[in-house]
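> prediction below, plus the sequence it came from.
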Amino acid sequence: HVGFPAFLKPVYGVQATFAARVNDEEELLDTLRHFQETIDPNHHPIYHYGKQMILESLLGGNEVQLELMIHDGQVVFHSFS
């Protein structure tokens, strides 16, 4: 069960493209509808894999970003910010 506020984002995708905080069910449905109508796999090729979305609980606290470069299943570079 995910309550509100929550965070809607694509299963596939990059950065914060098509990701949004939603505060209630009405905003969730409006945002989901807008994203589904707007996502264009020809403009964002990652969405050829699908336009499915996930809803996550909104967590408080600091945000940390981890980037990895993997080659043959091994991490060859990492960056935290």
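Noted; the coordinates are in hand. These figures come from a predicted structure and were not determined experimentally.
> measure stretch 16-33 end to end?
Chord length of stretch 16-33, first to last residue, is 17 Å (C-alpha to C-alpha, to the nearest Å).
> ignore what I typed, I meant stretch 1-17.
End-to-end distance (C-alpha to C-alpha), stretch 1-17: 24 Å.
> avg pLDDT for it?
Stretch 1-17 shows a mean pLDDT of 85.
> got the buried residues for that stretch?
Neighbour counts using 16 or more other C-beta atoms under 10 Å place 6, 8-10, 12-13 of stretch 1-17 among the buried residues. (C-beta placed from N, C-alpha, C; glycine too.)
> farthest-separated two in these?
Spatial extent of the buried residues of stretch 1-17 (C-beta to C-beta) is set by the pair Ala6 and Tyr12 at 19.0 Å.
> take the buried residues of stretch 1-17 and write them to TSV, including secondary structure and distance to Met69.
Converted to TSV, those look like this (DSSP: H, G, I helix; E, B strand; the rest coil; distance: C-beta to C-beta, whole Å):
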residue	secondary structure	distance to Met69
Ala6	strand	31
Leu8	strand	28
Lys9	strand	22
Pro10	strand	22
Tyr12	coil	19
Gly13	coil	19
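> strands of the protein, residue ranges please.
Using DSSP state E, the strands of the chain run over 6-10, 20-22, 53-57, 66-71, 74-80.
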